[in-house]
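Chemist: everything below, folded, please.
(chains A and B)
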Amino acid sequence: DTGVSQNPRHKITKRGQNVTFRCDPISEHNRLYWYRQTLGQGPEFLTYFQNEAQLEKSRLLSDRFSAERPKGSFSTLEIQRTEQGDSAMYLCASSPTRTASYGYTFGSGTRLTVV
Amino acid sequence: AQSVTQLDSQVPVFEEAPVELRCNYSSSVSVYLFWYVQYPNQGLQLLLKYLSGSTLVKGINGFEAEFNKSQTSFHLRKPSVHISDTAEYFCAVGATGGGNKLTFGTGTQLKVEL
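Modeler: From the prediction side, this is the model:
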């Protein structure tokens, strides 16, 4: 098991373009989370999945953002019509349990720069 | 809802000196508490966690933290820091009773100097 994997590590895109990030969680983990981290801030919750079901979305997740987790395995996060304010590190994490007691295992993140 | 306050944005310290990184939380329910470390351009790595029981929790790399319910604090300590401890440290809180997401503080940059 190689932990949580995120691709790409870095993405530079022009404003208005669409981007998609991928997260491969630890295989036996049924919970998958997406967080966004801007410079000098802590991670902010975006959304999470229990298997393939998306159970909660933050109000930070505007209608330009969509996340999927088909078949309860890997997940994708798509941002449409990117804006400069979308520039951030996007972190994926997974967890094996229903409660927060385990904590998360994080991936290394995808750093998005919108120019 | 839960919230976390990390009182210091930066903490400079000399190598081999002790350090304390402060964290206070707010919650209307019982909580789990975590400390994570983040090295540049990396994800977050779990240092330690408090779930229940003993209020003194030991983690990796010689770090420990003490849960104080009356003061709603969970301060992180290390008796002697090393250059390699230079990183960003985040305190996080999760709710018990089926809570499923962590709320993070804004982080404390620990800079260890020679």
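
Chemist: dump the residue contacts of residue 92.
Modeler: If you meant another chain, say so; for now it's chain A. Counting by CB atoms under 8 Å, 6 or more residues apart in numbering or on different chains, A:Cys92 makes contact with A:4, A:6, A:21, A:23, A:25, A:32-35, A:75, A:77, A:106-107, A:109. C-beta coordinates here come from the backbone N, C-alpha and C atoms, glycine included.

Chemist: if you could check chain B rather than the one you did, that'd help
Modeler: Here B:Ala92 is in contact with A:42, B:4, B:33-36, B:102-105 (criterion: CB under 8 Å, 6+ apart).

Chemist: now rank those residues by neighbours and give me the top one.
Modeler: Of all the contacts of B:Ala92, the highest neighbour tally under other CB atoms under 10 Å in any protein chain shown goes to B:Phe34, namely 30 neighbours.

Chemist: tell me the contacts of that residue?
Modeler: Counting by CB under 8 Å, 6+ apart, B:Phe34 makes contact with A:103, B:46-50, B:91-94, B:102.

Chemist: if we can go back for a sec, mind checking which of the contacts of B:Ala92 are in strands?
Modeler: Of the contacts of B:Ala92, the ones assigned to strands by DSSP state E are B:4, B:33-36, B:102-104.

Chemist: so can I have a markdown table of these showing pLDDT and distance to B:Gly62?
Modeler: Shown next, in a markdown table, are these (pLDDT from 0 to 100; distance: CB to CB, whole Å):
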| residue | pLDDT | distance to B:Gly62 |
| --- | --- | --- |
| B:Val4 | 95 | 23 |
| B:Leu33 | 93 | 19 |
| B:Phe34 | 95 | 17 |
| B:Trp35 | 97 | 13 |
| B:Tyr36 | 96 | 16 |
| B:Leu102 | 89 | 24 |
| B:Thr103 | 91 | 26 |
| B:Phe104 | 94 | 23 |
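
Chemist: how many neighbours does the residue in chain B positioned nearest to chain A have?
Modeler: Residue nearest to chain A within chain B: B:Gly94 (2.7 Å; CB to the nearest CB). B:Gly94: 23 surrounding residues under other CB under 10 Å.

Chemist: identify the bridge partners of the residue nearest the centre of chain B.
Modeler: Geometric centre of chain B, nearest residue: B:Trp35, 3.4 Å, by CA atoms, centre = their mean. Going by DSSP bridges, B:Trp35 is paired in beta bridges with B:Leu48, B:Cys91.

Chemist: wait, it sits on B:His75?
Modeler: No. Counting by CB atoms under 8 Å, B:His75 is not a contact partner of B:Trp35; they are 9.5 Å apart.

Chemist: which stretches of the chain aren't confidently modelled?
Modeler: Just so you know, I chose chain A. Scanning chain A with the threshold set as pLDDT under 70 gives A:1, A:98-100.

Chemist: that was the other one, I meant chain B.
Modeler: Along chain B, the parts satisfying pLDDT under 70 run over B:97-100.

Chemist: show me where it has its strands.
Modeler: In chain B, the strands defined using DSSP E lie at B:3-5, B:10-14, B:19-21, B:24-26, B:31-38, B:44-50, B:56-58, B:64-68, B:73-78, B:87-95, B:102-104, B:108-113.

Chemist: give the contact list for the closest residue to B:Gln45 other than its chain neighbours.
Modeler: Among residues not flanking B:Gln45 along the chain, B:Val37 sits closest, at 5.3 Å (CB to CB, 6 or more residues apart in numbering or on different chains). Counting by CB under 8 Å, 6+ apart, B:Val37 makes contact with B:44-45, B:47, B:61, B:87-90.

Chemist: sorry, back to before: just the closest of the ones in strands among the contacts of B:Ala92 to B:Ser80, please.
Modeler: Nearest to B:Ser80 out of the ones in strands among the contacts of B:Ala92 is B:Trp35 (CB to CB; 17.6 Å).
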